[in-house]
Each structure stands twice: as structure tokens, then as C-alpha cells.
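>>> 3D model of this:
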Amino acid sequence: MALTHGKLIAYLKDTLSIGDADSESELFSSGLLDSVSMVNLLAFIEETTGTAIHAEDVTLENFDTPARILRFAEAVA
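Below is the predicted model of the structure:
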């Protein structure tokens, strides 16, 4: 199953309670996500895409905004 913008934003809003999340929301560097929420987000991405995320890939460049997350998920799919 593919990770779509809609699925990702819905997860951020509904599950992680980030009500005003959009494509360019800085999730981790702004403090919207703590480390536990980030782990939950990574698990959601892995489950949704069917791919494993390696520790070295978990960087602000790949995961700080929904747009970056989608680019990363497309690249590893």
C-alpha cells in the first residue's frame, strides 16, 4: 500500500493530534513531535509502505516535514 499525502496528514491530525499539519509543517525540529511520537510515526510509515526504515535514514532531511516524508517513502518504495 502506498503512503499518500492524505493518509499521512490524517495520521498526523487524528492519531498524533497535530491539528494544523500541512505539507511543510516542521514536525520534529519545531517540537510538534517528541521522540515517542516519532517512533509511532515511523512504525505507521513502515506498516503503510511495507518497507523497513533504517536508523541511518531517520534524519531531519528525510522526516522533518510531511513533504520530506513522502519524498523519502517514494524513493524507498
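
>>> okay, CA-based contacts and neighbour counts for the rest of this
Fine.

>>> tell me the phi and psi of residue 21?
Main-chain dihedrals, residue 21, degrees, to the nearest 10: phi -70, psi 140.

>>> for it, grab the count of nearby residues.
Number of residues near residue 21 (other CA atoms under 10 Å) recorded here: 19.

>>> and the gap between it and residue 41?
14 Å (CA to CA, to the nearest Å).

>>> name the residues contacting each of the two.
Residues touching both residue 21 and residue 41 (CA atoms under 8 Å, 6 or more residues apart in numbering): none.

>>> helices along this protein, start to end?
5-10, 35-49, 60-63, 66-76 (DSSP state H).

>>> which secondary structure elements does the third one sit against?
Yep, that's helix 60-63 we're talking about. Contact partners of helix 60-63 among helices and strands, from 3 or more CA pairs under 8 Å, 6 or more residues apart in numbering; DSSP states H and E: helix 66-76.

>>> what does the helix it packs on rub up against?
Counting by CA under 8 Å, 6+ apart, 3-5, 8-9, 22-25, 27, 45, 49, 51, 61-63 sit against helix 66-76.

>>> tally of neighbours for the residue nearest to residue 62 when sequence neighbours are not counted?
Excluding its sequence neighbours, the residue lying closest to residue 62 (CA to CA, 6 or more residues apart in numbering) is residue 68, at 5.2 Å. Residue 68 has 17 neighbouring residues, counting by other CA under 10 Å.

>>> go on, residue 5?
For residue 5, using other CA under 10 Å, the count is 15.

>>> any idea how far residue 24 is from it?
Residue 5 is 12 Å from residue 24, by CA to CA.

>>> centre of the chain to stretch 58-74, how far?
7 Å (CA atoms, centre = their mean, to the nearest Å).

>>> how far does that stretch stretch from start to finish?
Between the start and the finish of stretch 58-74 there is a gap of 15 Å, counting by CA to CA.

>>> give me the buried positions along that stretch.
62-70, 72-73 (16 or more other CA atoms under 10 Å).

>>> between those, which is nearest residue 15?
Distance to residue 15, by CA to CA, is smallest for residue 66 among the buried residues of stretch 58-74, at 14.6 Å.
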